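Asker: with the sequence up front, the predicted model follows.
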There are 2 protein chains.
Amino acid sequence: MSNAILLAPGPVQLHPEVQKILAHPMIHHRTPEFDAILARVLLNLKSFFQTKMPVLIQTSTGSGGMEALLVNLLNPGEEVLAIVSGKFGERWADMAEVYGGRVHRLNCDWGKPVDPSEVKKFLQSNPNIKIVLTQATETSTATGHDIKALADIVSKTDALFLVDGITAVGAYDIRMDEWKIDGLVAGSQKAVMLPTGLCFVCLSERAWAKAKVCKTPRFYFDLQKELNANQKGETYFSSAVAHIKALDFVLNEISKSGLEKHFAEQRRRADFTRALSAQMGLSLYSASPSDSVTALNVPEGLDGVKLREHLEKKYQVTVMGGQDQAKGKILRIGHMGYILDHHLIETMYRLALALKDFSYNIDPEKVRSLSTSWLEAHPLEQ
Amino acid sequence: MSNAILLAPGPVQLHPEVQKILAHPMIHHRTPEFDAILARVLLNLKSFFQTKMPVLIQTSTGSGGMEALLVNLLNPGEEVLAIVSGKFGERWADMAEVYGGRVHRLNCDWGKPVDPSEVKKFLQSNPNIKIVLTQATETSTATGHDIKALADIVSKTDALFLVDGITAVGAYDIRMDEWKIDGLVAGSQKAVMLPTGLCFVCLSERAWAKAKVCKTPRFYFDLQKELNANQKGETYFSSAVAHIKALDFVLNEISKSGLEKHFAEQRRRADFTRALSAQMGLSLYSASPSDSVTALNVPEGLDGVKLREHLEKKYQVTVMGGQDQAKGKILRIGHMGYILDHHLIETMYRLALALKDFSYNIDPEKVRSLSTSWLEAHPLEQ
């Protein structure tokens, strides 16, 4: 087990200290000890989201956060523009339809980012759009969208700009307030480096104003209820104590080193993965590769499903494959979580071993030495 | 810390093995290792719920499970009978109203169980009721309702009988299939002995039939989606891997010893608490004390809020106080979780010390020796 490596786009490897905290004896959420933790976490989440607005904690997966943004902000019958560039874009568009949205889908080819000028044109000719939905990074294609440019466009309209930042917030620079994002969600098993189980949701001032008059029924995901409870120093529902204690540790660590350094670590891993892949003759799937996850094209003629399973079974490296139209064609390597240099080197080395087992022309030892040299030539600034 | 005792009605003390499992390195939910765990857990949950029907896992607190039952089974405009015997009964009635239910509240005095014959009369004179809601144990008053009798009445009508078993399922005998319950929810931080973060939901056949035609919009809590994913060996959303691995351990342990023994452990703790309380001159708050949690009346003239805080601060025993109309008047001691005899003895001993500090006439050493004798006289059957 200690030899196993998990470089998926979530869940991610845990910090050893997080593992220890999760193993602590349980404490109750109505205790002074937990009160202090919650207060600190709610404060530090604001820096993590680069916002002055409250960030709320929900006990749910990231999809629950996507739902929370919709049920608090979308009235039935309102028009929605959904940027759909992969599986999670599809999910959010579907969800908006379930809640009564009249959804226009702006479909991008898989692996391609949306062209902001297309969004601008669409909004100009469809002034009734009340909500624009997008992923920051579409996890299924490892593709990053230009959130700053999109926010700039949408903030000049009456529409609210809602961003699924589940595979993005905390992994690279997403500026909630400065860029004028109206709704942003993050997930615990991503750049927050915790187990799956929590998500984090933040609304802009104009989103809160809409939430106050939004008629869609909601209870578990009612953000106003949670905000009111937070203002009394509590969560509205039972607090997920173990996760929140571990979150406190992670946010304190990030706050000590600074967000920029946290981002730089992930960018370095992404750069490493891109550089080594090129040297291994593996091209990138995405035209706009994200810093949180990289998708590599599986070489022509190789079965990506079998390659991924072989890498996992024989070499104990778990990365993700492709879904739907990308099934068998790509490998997705995550850059979030507690990742040390030897994990990076070993992943590329063992990937080379696995490729060689599939008769791909590669020298694993050379990959290992190239990996080591790259990392030594690109040290993290202290 | 090691001296601290947590006997709340959830979250509860964790089994040392659960603590270890939570500290394991993360694994991905799309791996053969996790597939095997999930399959076993879904099977064992059925025994835990005493049902042949599928039991679904949700990443949410118990309230998310209560919401799931409503949004899958309640059409807007339908009439609902809500048995309201405390805070959680109020919450569920409120939630049903949010989702468009025309809610009739059958209010019980706090600490009193509902009279099944009243429910029978109400349903006879209100044949349009489509949903009946109740807690099995109302956590805020430590009061158990007669679920078997209620199920017998409701199952003879067209209404679905939905039971919040969050502080009940796994703590004492609740028979989903045999008693004809239509919807049942349990929570992870209760008799399942895990941290907060998961809940478990089960529907009867007639409830599934209603779910198929129920028009209330739902996505995150759409049980049919989750059932379909389970039938493919997956969860629909990211699996809460750490919790589910720990759940696997707990359910295996319970399955080895048998549900009856698991129930007996909790009953013995409840009996102990009642017996010792009587010897300490503390009366019970509830006319129908539950086996999952006991509420003790704070002696006349003592401030229960201060007593509880003192017990926690000076003696490191966390139990819960009362809420709303019971605030300051009761102490609630939980019987679920990983509880050893010395926790029981120490809790009563330290409660006696705390009472003595408030000038209550009590001999803590005598309480300790009475506690020890009671437990020795009532050994757990092996």
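Answerer: Received the coordinates, thanks. Numbers count the residues shown, from 1 in each chain, chains lettered A, B, ... in the order given.
Asker: and for A:Leu351, nearest residue in space, chain neighbours not counted?
Answerer: Counting by CB to CB, 6 or more residues apart in numbering or on different chains, A:Leu351 lies nearest to A:Leu311, which is 6.2 Å off, once chain neighbours are set aside. Every C-beta, even on glycine, is put in place using the N, C-alpha and C of the backbone.
Asker: would you mind listing the buried residues in the helix or strand containing the one you found?
Answerer: In this structure, A:Leu311 sits in helix A:304-315 according to DSSP states H and E. For helix A:304-315, the neighbour count (16 or more other CB atoms under 10 Å in any protein chain shown) marks A:304, A:307-308, A:310-312, A:315 as buried.
Asker: who in the stretch 201-350 of chain A is up against chain B?
Answerer: Listed as neighbours of chain B in the stretch 201-350 of chain A under the rule CB under 8 Å from any CB of the partner chain: A:217-221, A:237-243, A:312, A:318, A:320, A:337.
Asker: any idea which helix is longest in chain A?
Answerer: For chain A, the helix with the greatest residue count under DSSP state H is helix A:259-279.
Asker: so how far is that one from its chain's centroid?
Answerer: 16 Å (CA atoms, centre = their mean, to the nearest Å).
Asker: any idea of the mean pLDDT in it?
Answerer: For helix A:259-279, mean pLDDT is 97.
Asker: distance check, the most centrally placed residue in chain A against A:Ala136.
Answerer: Closest to where the C-alpha atoms of chain A average out (CA atoms, centre = their mean) is A:Thr167, at 1.1 Å. Distance check for A:Thr167 against A:Ala136: by CB to CB, to the nearest Å, it reads 7 Å.
Asker: circling back: TSV for the buried residues of helix A:304-315, including distance to B:Gly65?
Answerer: Output for those, formatted as TSV (distance: CB to CB, whole Å):
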residue	distance to B:Gly65
A:Gly304	38
A:Leu307	40
A:Arg308	35
A:His310	40
A:Leu311	38
A:Glu312	33
A:Tyr315	40
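Asker: that older thread, chain center to the helix holding A:Leu311, what's the gap?
Answerer: 24 Å.
Asker: what's whatever helix or strand A:Ser371 lives in packed up against?
Answerer: Applying DSSP H and E as the criterion places A:Ser371 in helix A:364-377. When contacts are defined as 3 or more CB pairs under 8 Å, 6 or more residues apart in numbering or on different chains; DSSP states H and E, helix A:364-377 packs onto helix A:259-279, helix A:341-357.
Asker: show me which residues of the last one are buried.
Answerer: Residues A:341, A:343-355 are the ones in helix A:341-357 that count as buried (16+ other CB under 10 Å).
Asker: the first one too?
Answerer: Within helix A:259-279, the residues that qualify as buried are A:262-277, counting by 16+ other CB under 10 Å.
Asker: so for B:Tyr285, which of the helices and strands packed on helix A:364-377 sits nearest?
Answerer: helix A:259-279 (49.9 Å; CB to CB).
Asker: got the angle between the closest one and helix A:341-357?
Answerer: Here the directions of helix A:259-279 and helix A:341-357 differ by 20 degrees (axes from the mean of the first three to the mean of the last three CA atoms, to 10 degrees).
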